[in-house]
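Engineer: pasting the structure only:
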């Protein structure tokens with residue numbers, strides 16, 4: 001599955017990853033997926049029928065709950081290795097490496113900006 005700002009919920013429904021999920025909620029794909037040789041948990045969020053957010057979590061089971069900030073550091077390094085500047089605005093959206101202390105979770109968030117063509 002190739003994701004982009006033009007990827008719609010209708011496109012998602014045609015993939016083997018669709019199993020009746022609602023486009024009104026965060027969709028967790030459930031298992032680990034390999035992206036560029038690394039395993040991630042992946043979730044998707046659609047808004048107005050278009051993919052709005054892709055959430056990636058590096059799936060290193062050796063990282064304990066107490067060491068969740070290490071996952072954030074790994075996310076930062078992965079983005080840097082791929083030439084992606086964290087929090088930089090791109091024409092299509094932005095990429096954020098985040099740590100949520102309340103939920104004690106770290107994620108790479110790809111947020112798409114939808115440009116309406118007239």
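Structural biologist: Thanks, I have it. Treat the numbers as computed from the prediction; the structure is a model and nothing was measured.
Engineer: spatially central residue in the chain, please.
Structural biologist: residue 55 (2.1 Å; C-alpha atoms, centre = their mean).
Engineer: ok, and the closest non-adjacent residue to that one?
Structural biologist: What sits nearest to residue 55 in space, not counting adjacent residues and going by C-beta to C-beta, 6 or more residues apart in numbering, is residue 43, at 4.4 Å. The way it works is simple: take the backbone N, C-alpha and C, and place the C-beta from them, glycine included.
Engineer: report the beta-bridge partners for the one you found.
Structural biologist: residue 28, residue 55 (DSSP bridges).
Engineer: got the contact list for it?
Structural biologist: 26, 27, 28, 29, 54, 55 (C-beta atoms under 8 Å, 6 or more residues apart in numbering).
Engineer: only whichever of these are buried, select them in PyMOL.
Structural biologist: The buried residues among these can be selected in PyMOL (16 or more other C-beta atoms under 10 Å) with this line:
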select buried, resi 27+29+54+55
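Engineer: among the contacts of residue 43, which two are most distant?
Structural biologist: 28 and 54 (12.0 Å; C-beta to C-beta).
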